[in-house]
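Enquirer: starting from these lines, generate the structure:
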Amino acid sequence: MTDHLQRTRLAGLALAAALAGCTTVSNVGPSTSAVERAAGQRGPDAALIQVVTVDDAVARQLLAQRKQRLFSEALGAPSAQTGTTIGPGDAIEVNIWEAPPATLFASGVAPDPRGATAGSRVVTLPEQVIDRDGFIYVPFAGKIAAAGHSFADLEQEIARRLKGKANQPEVLVRRTRNLSATVTVVGEVGNSVKLPLTPGGERLLDALAAAGGVRQPVNKMTVQITRGSNFYSMPLQTVIRDPRQNVVLQAGDVVTAIAQSLSFTALGSTLRNDEVSFEAQGITLAQALARAGGLNDNRSDAHGVFIFRFEPQGALDWPNQPAAATPEGLVPVIYSIDLRNPNSFFVMQSFAINDKDVLYVSNAPAVELQKFLNLIVTVAYPILTGIQLTK
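Expert: Just a heads-up that it's a prediction; the model follows:
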């Protein structure tokens, strides 16, 4: 009996020593309670970590901030003179008709498309380029401002100055080279081009087609239009699907095709732990969970679904104030959503995923208990078996 007690005590000491060496149980990451306790702790650059429960109000507020202005709203209606005005660098040809008897210009007879008197004479002046100050020179009419005017305005001005010098003058101005009314297309396109605009009005997709199309899949492309000092961006897929966003371009616009490699990282108790790419048009949390394979039924905690990201300091009314930020003005945030609540499945459809987000699902508490019990069995079973064999 004494030997048996001694063996039992030795077995107990051996088991205690073995378990003491296993101070922690292997885990995929922090538990749900550990993540929730991170609220108010110091994060990157000593900024306070904010833990925010995602509900309908939070999802809508974030969605409203990231909503992009549509091209049709931001760029407005096209100018009535798009492609029809003259600018510095343009080359033009001036044709002048005189009714018989021609007194100022004497040249060959040609029909006048303006319907001038039959037998009128026409003179075609040598091609000339609008100078940097915007002027041209017409014999007997002098130096005339052309830049910024329409063809009709310039024709009327030349005819007005020739009145009394030429016999019933009629004028026709034709642009032979267009260097001022152009759109520049750059970025991830077949060939960067400077596209001349015509009075018909070239649209955004016309410009991309003239540049040889985009070099990346459509769902990964963003199109940016720079007009003056402002610029506006939109996924190319949206422009193709909504004809209203295929806006008419204006002189001086710069169209940039940008290939965006967007992704989020799925970690923890999801069926797929990986960096997952998504389209430029964006995805929701519901879609992100689906692309990560969903939750692992055997170990996931439906209460412990978290999104880690950096947000601008003014994005929300943070629970821990003042919301200290990084030097870049960003706040480390952990968004929490409880999938045990059926309403969460509606909220997930309006919560947008950002580029570089980390989606993490923690283990269920029961899984950690099971791991600990399995550890005890694994360590104790050989010891207990040895005791039985020595009896």
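
Enquirer: which stretches of the protein aren't confidently modelled?
Expert: 1-28, 77-83, 102, 106-120, 366-391 (pLDDT under 70).

Enquirer: please parse it into its domains.
Expert: 32-67+262-368, 91-177, 181-259 (automatic domain parsing).

Enquirer: and of the ones you listed, who's closest to Gly76?
Expert: domain 181-259 (8.7 Å; CB to CB). C-beta coordinates here come from the backbone N, C-alpha and C atoms, glycine included.

Enquirer: what's the span of the closest one from first residue to last?
Expert: 27 Å (CA to CA, to the nearest Å).

Enquirer: and if you look at stretch 86-105?
Expert: End-to-end distance (CA to CA), stretch 86-105: 25 Å.

Enquirer: please identify the buried residues of it?
Expert: 86-90, 92, 94-99, 102, 104-105 (16 or more other CB atoms under 10 Å).

Enquirer: give me the subset of those residues lying in strands.
Expert: Of those, the ones assigned to strands by DSSP state E are 92, 94-98.

Enquirer: dump stretch 284-296 to PDB, restricted to CA.
Expert: Provided in PDB are the C-alpha atoms of stretch 284-296 (Å, rounded to 0.1, in the frame of the first residue of the first chain):
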ATOM      1  CA  THR A 284     -19.200  44.400 -48.100                       C
ATOM      2  CA  LEU A 285     -18.300  42.400 -44.900                       C
ATOM      3  CA  ALA A 286     -20.900  39.800 -45.900                       C
ATOM      4  CA  GLN A 287     -19.000  39.200 -49.200                       C
ATOM      5  CA  ALA A 288     -15.600  39.200 -47.400                       C
ATOM      6  CA  LEU A 289     -16.700  36.500 -45.000                       C
ATOM      7  CA  ALA A 290     -18.000  34.400 -47.900                       C
ATOM      8  CA  ARG A 291     -14.700  34.800 -49.800                       C
ATOM      9  CA  ALA A 292     -12.800  33.700 -46.700                       C
ATOM     10  CA  GLY A 293     -14.900  30.500 -46.700                       C
ATOM     11  CA  GLY A 294     -17.200  31.600 -43.900                       C
ATOM     12  CA  LEU A 295     -16.700  30.700 -40.200                       C
ATOM     13  CA  ASN A 296     -15.300  27.400 -39.200                       C
END
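
Enquirer: which residues make contact with it from outside it?
Expert: Outside stretch 284-296, the residues that touch it by CB atoms under 8 Å, 6 or more residues apart in numbering are 54, 264, 266, 269-274, 276, 278, 283, 302, 305, 307, 337, 339, 345, 348-353, 357, 359, 361.

Enquirer: does Val193 touch Ala209 like I think?
Expert: No. Using CB atoms under 8 Å, Val193 is not in contact with Ala209, being 10.3 Å away.

Enquirer: could you give the number of residues near the residue lying closest to Ala280 once chain neighbours are set aside?
Expert: In this structure, Ala280 finds its nearest non-sequential neighbour in Pro235, 4.3 Å apart by CB to CB, 6 or more residues apart in numbering. For Pro235, the number of neighbouring residues by other CB atoms under 10 Å comes to 21.

Enquirer: quick check: beta-bridge partners of Pro235?
Expert: For Pro235, the beta-bridge partners under DSSP bridges are Thr222.

Enquirer: try Val173
Expert: Val94.

Enquirer: thought Glu155 was touching it, still the case?
Expert: Yes. Using CB under 8 Å, Val173 and Glu155 qualify as a contacting pair, with a distance of 5.2 Å.

Enquirer: more neighbours: those two, which one.
Expert: Legend: neighbour count by other CB under 10 Å for Val173 and Glu155, higher for Val173 (23 against 19).

Enquirer: for Ala59, phi and psi?
Expert: phi -60, psi -40 (degrees, to the nearest 10).

Enquirer: how much space separates it from Ile353?
Expert: 12 Å (CB to CB, to the nearest Å).

Enquirer: go on, Tyr360?
Expert: 13 Å.

Enquirer: find residues that contact each of these two.
Expert: Ile307.

Enquirer: quick one: contacts for Gln260?
Expert: 220-222, 280, 355.

Enquirer: can you give me the strands in the stretch 51-200 of the chain?
Expert: Taking DSSP state E, counting those that start in this stretch, the strands of the stretch 51-200 of the chain run over residues 91-98, 121-124, 128-129, 135-138, 142-145, 170-177, 182-187, 193-196.

Enquirer: may I have the strand ranked longest in the chain as CSV, with CA atoms only?
Expert: Looking across the chain with DSSP E, the single longest strand is strand 300-312. Presented in CSV, the C-alpha positions along strand 300-312 are these (Å, rounded to 0.1, in the frame of the first residue of the first chain):
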residue,chain,number,x,y,z
SER,A,300,-15.2,29.8,-34.4
ASP,A,301,-16.9,32.2,-32.0
ALA,A,302,-19.9,33.9,-33.9
HIS,A,303,-19.7,36.6,-31.2
GLY,A,304,-16.0,37.3,-32.1
VAL,A,305,-15.9,38.7,-35.6
PHE,A,306,-13.6,41.7,-35.9
ILE,A,307,-12.3,44.1,-38.5
PHE,A,308,-9.0,45.8,-37.8
ARG,A,309,-8.2,49.0,-39.7
PHE,A,310,-7.0,52.6,-39.4
GLU,A,311,-9.6,55.3,-39.8
PRO,A,312,-9.4,59.1,-40.1
